[in-house]
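In: Fold the following, please.
(2 chains)
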Amino acid sequence: MKILREILSPLVAVALAFVVGAIIILLIKDNPFETYRILLANSFGSAKDIGYTLFYATPLIFTGLAVAVAFRCGLFNIGAEGQLYVASFATAWVGIKFGGTIVGDVDWSWTSLPSVLLVPLCIITAMIAGGIWGAIPGILRARFGSSEVINTIMLNFIGIALVSYFTQYHFKNPGPILETAPIGKAAWIPQLHEYFSFIPPDVPLNFAFLIAVLMCLIVYVFLWKTKWGFELRAVGQNASAAEYGGISPGKQIITAMTFSGALAGMVAINEVLGYRHNYYDGFSAELGFLGIAVALLGRNHPLGVFIAAIFFAVLMRGEIFVDAFTRYVSKDIGLILQAITILFVACLQKYSKR
Amino acid sequence: MNDTLSLAILVTVFFSTIRLATPLIFAALGGMFSERSGIINIALEGLMLTGAFTAAVATYELNSPYLGLLCGMLAGGFTALIYAIAVIKFEADQVVAGTAINLLMLGLPQLISGAVYDSSGSTPQIEKQFLLPEFFNINLASLLAFLLIPVCWYVLYKTPFGLRLRAVGENPAAADAAGVNVIKLRYSAVIISGILAAAGGAYLSIGQSSLFTRGMTAGRGFIALAALILAKWRPVPVLLACLFFGFTEALTIPLANYRLASGENIPVQFVQIIPYVLTIIVLAGFIGLSRAPKALGIPYNKEK
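Out: Here you go, the predicted model:
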């Protein structure tokens, strides 16, 4: 019964969002059924479709988990966007400095590490950089009681501006695009088509997806099977009761925000190590904010986050086809459906609690 | 650098400050009404986008910036009503619902302009004669924004509505016991905030520029929120905070062309982040404590 109730409200929210979406599509004089068919039918039809869907889902799993971990401690991490930008740049920086990057005739790197060292170093960098950017609002909340909502929003702007500065003035790839020089090849993580022959080689699905799945497991074990996770959730449920029980809320808040930031930072594994192989300014397109939606729709549970991320990825994959194959509906329908879904999930929360 | 040149820069910075502060003043004052009633308004960004888009379309279709502004404000009020229903009636989490509105307004204007004008990049260009007029280099909307400060001050501190609004934001149960309709008051406060934020957005599309582009507010709703916090939810400090934020943004324009003696220029990013860093510092209590309305973010439910 409990599980049924848990999944009922997200399903109702999605259904309602599609109804409202259909009304919007009718208002712009297009066919909602045809639009939805195109939107949903291109995600699982072939190995290529599935590969792309899972590729789109990967960063959403990371940001969804990030928001969920903070939520479980009673905190709002609106800052996943900034955390993943800072982490992605830091990862690219390590990939350049330790990856033997040569731009033109100039060696930009300090040294060339072998893959076996460089890849773990890059992954750890992603987690630390994201973790630091998440820890700042955590510390501010624990030490000064200032709202992590506002601070994470502010740190989004600060982080994005800072990495844009470093990209523009110090590590820019020559050319018109604001992106860093490429990371060394030793920092690249394997594409999954190299191991699974049924995945077409043009699908960018890479090792980061497996790490994302692993993180779902780790987050689950951490939150529900360890003492630290228990304490973190205790603070989320009732901070003063937890404190009475000998748990320091401040410590848990900092832990939760650091872990949350590290998870958001792991988007860099997919983006920088697995896909673009550099830092590209402005790549994220609201991945951090969609993480809020993914976490909420997934009821802040790792399994739910995984499913919700896949669902959002289906929309992201399908919207490209909608853009091409409908008369009036543009690819924005994906974002609109996601937004309306969040609104309904938020509205239904009141009823699912009972 | 000679004197006439620096004077020219000073004049440019002065007028850009007013220009850039204008949308922030509207949105921050809007946010003030909502937050003073106890409702967090992260949705300012989306409400501004609503106003910007609707005003651009209405001005283009009706050839009148005044009707455009009016339509923009109505659309903002309507969107705010949806937000209000979600957070007041359904007690949806205010941060989540606000984020939803922001994301929705990144997509919806594009969808509509894509369907109507066959271009999801932007709405059609509005002819210069149909934009909001300027007087001595100052836009009509800027004048309205400055006029709004004393008006809002008066409403907030000198009218029964303002008194009730503040009471509801601090202690809704007590206000309720004193006969104030908490729910109705919060609805009106959120709708007012939508109307004002949308006016700020409208200025961007039919005053400062002449069309709507995707996400054209570029975070101004969040800057307005920061200004509101810095101003400790009070109208006159809101003006100062918005002017300061406008000033830091205005500085980036001459800075981009300015070179140090060493031949390097000062990175604009360092100037851009000043408002955000300052907000964090103020929020942490280093420069006087910024105390939010006590009931901010808590849904009101009589039975509880």
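
In: avg pLDDT for the longest helix seen in chain A?
Out: Counting by DSSP state H, the longest helix found in chain A is helix A:115-144. Averaged over helix A:115-144, pLDDT sits at 94.

In: can you check stretch B:282-295 too?
Out: For stretch B:282-295, the mean per-residue pLDDT is 71.

In: With A:Arg327 as the reference, measure out to A:Leu121.
Out: The gap separating A:Leu121 from A:Arg327 is 50 Å, by CB to CB, to the nearest Å. (Each C-beta comes from the backbone N, C-alpha and C, glycine too.)

In: okay, and for chain B, where does confidence drop off?
Out: B:1-5, B:120, B:261-263, B:286-291, B:303-304 (pLDDT under 70).

In: quick one on the thing from earlier: and A:Leu121 and A:Arg327? Which one has more around it.
Out: Applying other CB atoms under 10 Å in any protein chain shown to A:Leu121 and A:Arg327 shows that A:Leu121 carries more neighbours, namely 16 against 11.

In: For A:Phe325, list the residues it contacts.
Out: By CB atoms under 8 Å, 6 or more residues apart in numbering or on different chains, the contact set of A:Phe325 is A:Ile38.

In: same question but for A:Tyr85, I mixed them up
Out: A:Asn156, A:Gly159, A:Ile160, A:Val163, A:Ser284.

In: part of a helix, is the second one?
Out: Yes. Secondary structure of A:Gly159, determined by DSSP: H, G, I helix; E, B strand; the rest coil: located in a helix.

In: the strands in the stretch 101-250 of chain B, which residues?
Out: Along the stretch 101-250 of chain B, the stretches classed as strands by DSSP state E, counting those that start in this stretch are B:134-135, B:138-139.

In: Does B:Ala227 touch B:Leu24 like I think?
Out: Yes. Using CB atoms under 8 Å, B:Ala227 is in contact with B:Leu24, at 5.7 Å.

In: Find residues that contact each of the two.
Out: B:Cys242, B:Phe245.

In: How many neighbouring residues does A:Lys172 have?
Out: 16.

In: who does it bridge with?
Out: As for beta bridges, A:Lys172 partners with A:Thr180 under DSSP bridges.

In: tell me the contacts of it?
Out: Counting by CB under 8 Å, 6+ apart, A:Lys172 touches A:Leu178, A:Glu179, A:Thr180, A:Ala181.

In: Chain B: which of these is nearest?
Out: Nearest to chain B among these, counting by CB to the nearest CB, is A:Leu178 at 11.8 Å.

In: how many neighbours does the closest one have?
Out: For A:Leu178, the count of nearby residues is 14 (other CB under 10 Å).

In: State the distance from it to B:Val87.
Out: Distance from A:Leu178 to B:Val87, by CB to CB: 38 Å.

In: follow-up on the earlier one: for the buried ones among the contacts of A:Lys172, write the corresponding ChimeraX selection.
Out: Those of the contacts of A:Lys172 that count as buried under 16 or more other CB atoms under 10 Å in any protein chain shown are selected in ChimeraX with:
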select /A:179,180,181
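
In: Let's have the contacts of A:Lys172 in CSV, adding pLDDT and distance to B:Ala177.
Out: As requested, the contacts of A:Lys172 are exported to CSV (pLDDT from 0 to 100; distance: CB to CB, whole Å):
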residue, pLDDT, distance to B:Ala177
A:Leu178, 86, 57
A:Glu179, 89, 60
A:Thr180, 87, 60
A:Ala181, 84, 66
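
In: what does the stretch 151-300 of chain B have sitting close to chain A?
Out: Within the stretch 151-300 of chain B, the residues that sit near chain A (CB under 8 Å from any CB of the partner chain) are B:219, B:222, B:225-226, B:229, B:267, B:269-270, B:272-273, B:276-277, B:279-280, B:283-285, B:292.

In: Out of the residues you listed, which sit inside helices?
Out: Using DSSP H, those in helices are B:Phe222, B:Leu225, B:Ala226, B:Ile229, B:Gln269, B:Phe270, B:Gln272, B:Tyr276, B:Val277, B:Thr279, B:Ile280, B:Leu283.

In: wait, what's in contact with the first one?
Out: Pointing back at B:Phe222 there. A:Ile153, A:Phe157, B:Leu44, B:Glu45.

In: Now do the helices in the chain.
Out: Going with chain A. A:2-27, A:32-41, A:47-72, A:80-97, A:115-144, A:148-169, A:207-225, A:227-237, A:239-244, A:249-265, A:267-268, A:287-297, A:302-325, A:332-352.

In: Correction: the question concerned chain B.
Out: B:3-36, B:44-62, B:65-84, B:94-117, B:140-158, B:160-170, B:172-177, B:182-203, B:220-230, B:235-257, B:268-272, B:274-283.

In: what distance separates the shortest one from the middle of the whole chain?
Out: For helix B:268-272, the gap between its own C-alpha mean and the chain's C-alpha mean amounts to 21 Å (CA atoms, centre = their mean, to the nearest Å).

In: about what we covered before: neighbour-wise, which one of the contacts of B:Phe222 leads?
Out: B:Leu44 (35 neighbours).

In: gap between that one and A:Trp110?
Out: Relative to A:Trp110, B:Leu44 is positioned 45 Å away (criterion: CB to CB).

In: if I look at B:Leu165, how far off is B:Leu144?
Out: Distance check for B:Leu165 against B:Leu144: by CB to CB, it reads 21 Å.

In: Of those two, which one has the most company?
Out: B:Leu165 (27 against 17).

In: ok, back up a step: out of the strands of the stretch 101-250 of chain B, which is the most enclosed?
Out: Sort the strands of the stretch 101-250 of chain B by mean neighbour count, taking mean count of other CB atoms under 10 Å in any protein chain shown, and strand B:138-139 sits at the top with a mean of 18.

In: Measure how far it is from the centre of its chain, please.
Out: Worked out by CA atoms, centre = their mean, strand B:138-139 lies 18 Å from the chain centre.

In: contact partners of it?
Out: In contact with strand B:138-139 (CB under 8 Å, 6+ apart) are residues B:Phe15, B:Ile18, B:Arg19, B:Thr22, B:Leu132, B:Pro133, B:Tyr203, B:Gly207, B:Gln208.

In: list the contacts for the nearest residue in space to A:Tyr351 that is not next to it in sequence?
Out: In space, and not counting its chain neighbours, A:Tyr351 is closest to A:Ser9: 6.9 Å by CB to CB, 6 or more residues apart in numbering or on different chains. Contact analysis of A:Ser9 by CB under 8 Å, 6+ apart lists A:Val345, A:Leu348, A:Gln349, A:Tyr351, A:Ser352.

In: Over to B:Pro235?
Out: Contacts of B:Pro235 (CB under 8 Å, 6+ apart): B:Leu29, B:Met32, B:Ile149, B:Pro150, B:Cys152, B:Trp153, B:Leu156.

In: Which entries within those residues meet the buried criterion?
Out: B:Leu29, B:Met32, B:Ile149, B:Cys152, B:Trp153, B:Leu156.

In: how close does the third one sit to chain A?
Out: According to CB to the nearest CB, to the nearest Å, B:Ile149 and chain A sit 23 Å apart.

In: wait, that residue sits on B:Ala28?
Out: No. In this structure B:Ile149 lies outside contact range of B:Ala28 using CB under 8 Å: 10.2 Å.
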